[in-house]
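>>> okay, predicted coordinates and the sequence, questions at the end:
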Amino acid sequence: MSATVQARINYLRADADGARVSMITGKLEDENVNPFVSTVEHIRDCRTDSHKPNFESNGWTWNNIEPIKLESDDRPSHSSVKSIEEMVQYLTHAKRVQVFDSAVRRVEKVDQTPDIGRDSALKTPQAVQLAHCDYTSSSGCACLERNTDWNLGERRFLIVNVWIPLSHAVTNPPLAIGVPFNQNDFHIGECQLIYAERTGLMNLVKDSSALQWNYVSALNLDEALIFKTFDSAPGESSWISTPHSAFWTEIDPNQPLRQSIELRCAVELN
């Protein structure tokens with residue numbers, strides 16, 4: 001049997017209409033109303049499972065990779081991008097894959113309160129400590145329209161996040177992946193992300209009982225988490241976007257805090 005850890009996961013309150021968060025400061029637009037609630041969850045370590053989760057049926061998996069090489073501006077090298085595109089194409093049986101964005105996170109804040117991962121005083125985004133789905137049905141389509149020149153009306157499209165450690169294995173805070181037991185019991189609420197030039201949307205998870213939380217302990221430099229963050233045509237047994245959240249385990253002062261990169265991939269399926 002796989003081991004589990006107990007840790008707090010932060011949710012949108014069941015009675016909350018939603019949330020508005022500044023992507024400049026990371027602060028709630030209405031700081032007088034706290035729309036979040038924390039629940040202690042059992043998070044299952046899949047490291048010792050005999051079979052890895054299947055991307056197509058579970059919405060996520062992990063895979064061995066060549067460690068990512070970064071340029072001086074924190075962008076992944078051309079060879080690393082091509083390697084990731086080829087891996088995602090193989091896993092999804094896609095017609096084509098295009099990495100359209102990447103983000104490095106060097107975590108500096110040891111804080112377990114709900115957080116969108118933005119702090120204007122810090123150099124890189126921090127860990128997102130809210131159970132969330134990166135895109136809604138509308139914002140996923142808008143993202144693909146902004147970042148590709150593909151014709152989105154003809155096929156099924158995904159956005160896939162490839163999440164990779166940098167410099168050392170991730171011990172704190174790792175990333176938890178939520179798999180809904182039943183799509184009909186999976187309750188979410190919109191979160192507006194207020195940028196300087198636009199307003200984005202993602203979904204926050206409301207119902208802790210609807211998910212099985214999973215993680216991979218000590219994910220290393222030659223491993224990546226791969227999970228679906230948008231599906232233009234989810235089936236009855238799947239969902240638009242895989243829930244996920246950073247979480248804090250018992251902190252070992254001798255272990256450095258997480259450094260990671262996320263590469264976001266547009267995927268056109270056959």
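Yep, that arrived.
>>> quick one: contacts for V107?
By Cβ atoms under 8 Å, 6 or more residues apart in numbering, V107 lies in contact with 126-127, 172-173, 257-259. Glycine gets a C-beta too; all of them are placed from N, C-alpha and C.
>>> my read: T136 touches Q192, true?
No. Shown here, T136 and Q192 do not form a contact pair, counting by Cβ atoms under 8 Å, at 10.5 Å.
>>> mind listing the shared neighbours of the two?
Between them, T136 and Q192 share the contacting residues L201, judged by Cβ under 8 Å, 6+ apart.
>>> so these two - more neighbours on which side?
It is T136, of T136 and Q192, that has more neighbours when counted by other Cβ atoms under 10 Å, with 19 against 15.
>>> I84 should be in a helix, yeah?
Yes. Counting by DSSP: H, G, I helix; E, B strand; the rest coil, I84 is part of a helix.
>>> how much space separates it from V267?
Per Cβ to Cβ, to the nearest Å, I84 is found 12 Å from V267.
>>> one more: S22?
Relative to V267, and taking Cβ to Cβ, S22 is found at 30 Å.
>>> ok, those two, which is more surrounded?
V267 (25 against 17).
>>> what's the model's confidence in the helix or strand containing that one, averaged?
Here V267 sits within strand 259-269, counting by DSSP states H and E. Taken as a whole, strand 259-269 has a mean pLDDT of 98.
>>> what do you get for stretch 144-152?
95.
>>> show me which residues of it are buried.
Neighbour counts using 16 or more other Cβ atoms under 10 Å place L144 of stretch 144-152 among the buried residues.
>>> and for stretch 34-51?
Neighbour count says stretch 34-51 has 35-37, 41, 43-46 buried, by 16+ other Cβ under 10 Å.
>>> give me the pLDDT for the closest residue in space to P173 that isn't next to it in sequence.
Leaving aside its chain neighbours, P173 sits nearest to A246 (4.3 Å; criterion: Cβ to Cβ, 6 or more residues apart in numbering). Reading off the confidence values, A246 has pLDDT 97.
>>> hmm, P174 and A246 touching each other?
Yes. The criterion here is Cβ under 8 Å, and A246 meets it with P174 at 7.2 Å.
>>> let me see the ranges of the helices in this structure.
55-58, 78-92, 137-147 (DSSP state H).
>>> indicate which one of those is closest to A14.
Proximity to A14, assessed across those by Cβ to Cβ, is greatest for helix 137-147 (21.6 Å).
>>> contacts for the closest one?
100-101, 134-135, 150, 152, 157, 159, 200-202, 229-232, 240-241, 266.
>>> any idea how far N214 is from the residue most central in space within the chain?
Centroid-nearest residue in the chain, with Cα atoms, centre = their mean: H244, separated by 5.2 Å. From H244 across to N214, the span is 10 Å (Cβ to Cβ).
>>> now do the shared contacts for these two.
176-178.
>>> format the residues you listed as a markdown table; extra columns: pLDDT and neighbour count.
Shown next, in a markdown table, are the shared contacts of H244 and N214 (pLDDT from 0 to 100; neighbours: other Cβ atoms under 10 Å):
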| residue | pLDDT | neighbour count |
| --- | --- | --- |
| A176 | 97 | 22 |
| I177 | 96 | 26 |
| G178 | 94 | 27 |
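>>> JSON lines please, covering these and showing distance to D222.
Shown next, in JSON lines, are the shared contacts of H244 and N214 (distance: Cβ to Cβ, whole Å):
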{"residue": "A176", "distance to D222": "21"}
{"residue": "I177", "distance to D222": "19"}
{"residue": "G178", "distance to D222": "25"}
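>>> one step back: just the closest of the buried residues of stretch 34-51 to K206, please.
Using Cβ to Cβ, these come closest to K206 at V37, 9.1 Å.
>>> got the contact list for the residue nearest to the closest one when sequence neighbours are not counted?
In space, and not counting its chain neighbours, V37 is closest to R13: 4.9 Å by Cβ to Cβ, 6+ apart. Neighbouring residues of R13 by Cβ under 8 Å, 6+ apart: 35-37, 206.
>>> for K95, same thing?
155, 268-270.
>>> just the strands from the stretch 51-200 of the chain, written as ranges.
Assigned strands in the stretch 51-200 of the chain, in chain order: 60-64, 94-106, 132-133, 157-165, 175-180, 188-194, 199-205 (criterion: DSSP state E, counting those that start in this stretch).
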